[in-house]
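A.B. asks: Predicted model, plus sequence, below.
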Number of protein chains: 2
Amino acid sequence: MASTDSRRADSARDRVVAAARDEFARHGIAGARVDRIAKAARTSKERVYAHFRSKEKLYEHVAAAELAAAADAVHLDPADLPAYAGQMFDYFTAHPDRYRFIGWGRLELVPEPSGEPDADALGSYHDAILGKIETIRRAQRAGDLDPTWDPVDIMAVVSQIAHTWLDQAELAAVTRHAAADPTLPARREAVIRAVTAIFPPVRRSQHDGR
Amino acid sequence: MASTDSRRADSARDRVVAAARDEFARHGIAGARVDRIAKAARTSKERVYAHFRSKEKLYEHVAAAELAAAADAVHLDPADLPAYAGQMFDYFTAHPDRYRFIGWGRLELVPEPSGEPDADALGSYHDAILGKIETIRRAQRAGDLDPTWDPVDIMAVVSQIAHTWLDQAELAAVTRHAAADPTLPARREAVIRAVTAIFPPVRRSQHDGR
């Protein structure tokens, strides 16, 4: 349906988004340079601003896409939340730059120390998360998950545990020699074990057919 | 023992540390201005550099002190890790600027995306954490905590869960209307509940005397 011209425009836009992600991940928002993004995307600074009004808007656009991509990359089976945490662990361990990218917005775009980001700027992520919340709610109704938990708390706690070793960087640094096994498989195992204790997976027989 | 001169110097140094904490929390390391720190501490830029060789060294000094202060402010009773998580939740909820301060270092001082901070720069925090790890190890030997967990994993998982709602800012933003109860007491309760499921507190009779 798209004309050749609009396809070409889309592709320049995609290159800007990819270049912006790398630039922001490395330098943050204040430190990012739009001319470097333009150069890496083989376009001009003016074209970048034509697509995304400001550096902050460009960041917000990439952030919503990144968060939505992470949500989409990890399949949520509400009957097996430990496996979900394991997949999330794998995703961000494989893409530490993506996790780093998200961290900048938390510090640079939220002026109030205790504030939350602007939900309107997180459109595609918003939809991905509300879909998962609904999936959890259905599983609770079906008896696969403890219905006394708020589905939002389930999402928050499981995601949080999955990121343990990405967030606890200072703890990891000072305990390097105290840990019995600081390798990734051992850390992944600890994540799975913690989530299993809170939300044990539903054991189904092979004939259950669900 | 200290002469009047060195006491005066200590006090200027303390004012620099306090001013630096506020400046870094607000603007990050790259964005912080040493002249603003000097002015807020009623001293000169030259005196700031005389005490702390560079802006980065100043940040590292304040970071180690902040992390150690947080570790000291929260009492670890290894027989009641849910209470420990609750205290940690309270500490950072009351001091979101301190949590924010720590976040900048994770992004700005760690050049490698998957890297960890320099453990040598975290001296006082290092000592506070290794003390807690040893406390956990002793509780495991005494039968108060499951000995099959690595004590470092216990520290990491409990701390991580305590910070759930500080870290899950995007999730909090997009689920504001989906959550049954997004108030602080409800979130604190979810933190306690999650830690209790993994590390149930030891129930002792009143006559146990320990």
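C.D. replies: On my side now, so go ahead.
A.B. asks: and the residue lying closest to residue A:163 once chain neighbours are set aside, what does it touch?
C.D. replies: Take residue A:163 and drop its neighbours on the chain: the residue closest to it by CB to CB, 6 or more residues apart in numbering or on different chains is residue A:92, 6.5 Å away. Placement of C-beta: from N, CA and C, glycine included. Contact analysis of residue A:92 by CB atoms under 8 Å, 6 or more residues apart in numbering or on different chains lists A:70, A:98, A:99, A:162, A:163, A:166.
A.B. asks: One more: residue A:74?
C.D. replies: A:84, A:87, A:88, A:91.
A.B. asks: From residue B:26, how far off is the residue nearest to it when sequence neighbours are not counted?
C.D. replies: Distance criterion CB to CB, 6+ apart; nearest residue to residue A:74, sequence neighbours excluded, is residue A:87 at 4.6 Å. Here the distance between residue A:87 and residue B:26 works out to 36 Å (CB to CB, to the nearest Å).
A.B. asks: What's the mean pLDDT across the longest helix anywhere in chain A?
C.D. replies: Criterion DSSP state H: the longest helix present in chain A is helix A:4-31. On average, the pLDDT along helix A:4-31 is 84.
A.B. asks: what's in contact with the following helix or strand past that helix?
C.D. replies: With elements assigned by DSSP states H and E, the helix or strand that comes after helix A:4-31 is helix A:34-40. Residues outside helix A:34-40 that contact it (CB under 8 Å, 6+ apart) are A:15-16, A:19-20, A:22-23, A:44-45, A:47-49, A:55, A:58.
A.B. asks: Identify, from those, the entry nearest to residue B:105.
C.D. replies: Nearest to residue B:105 among the contacts of helix A:34-40, counting by CB to CB, is residue A:23 at 20.7 Å.
A.B. asks: contacting residues around that closest one?
C.D. replies: By CB under 8 Å, 6+ apart, the residues touching residue A:23 are A:32, A:33, A:36, A:37, A:40.
A.B. asks: and what of residue A:28?
C.D. replies: Going by CB under 8 Å, 6+ apart, residue A:28 touches A:104, A:107, A:108, B:28, B:30, B:107, B:108.
A.B. asks: Please flag which of those sit within helices.
C.D. replies: Those of these lying in helices (DSSP H): A:104, A:107, A:108, B:28, B:30, B:107, B:108.
A.B. asks: how near is the last one to chain A?
C.D. replies: It stands for residue B:108. As judged by CB to the nearest CB, to the nearest Å, residue B:108 and chain A stand 7 Å apart.
A.B. asks: circling back to that earlier point, any chance of a PyMOL selection covering the buried ones in the contacts of helix A:34-40?
C.D. replies: Listed next is the PyMOL selection for buried residues among the contacts of helix A:34-40, using 16 or more other CB atoms under 10 Å in any protein chain shown:
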select buried, chain A and resi 15+16+19+20+22+23+48+55+58
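A.B. asks: Helix, strand, or coil at residue A:78?
C.D. replies: Residue A:78 carries the three-state label coil when classified by DSSP: H, G, I helix; E, B strand; the rest coil.
A.B. asks: So for it, what's the nearest residue that isn't a sequence neighbour?
C.D. replies: Nearest to residue A:78 is residue A:139, by CB to CB, 6+ apart, at 3.4 Å.
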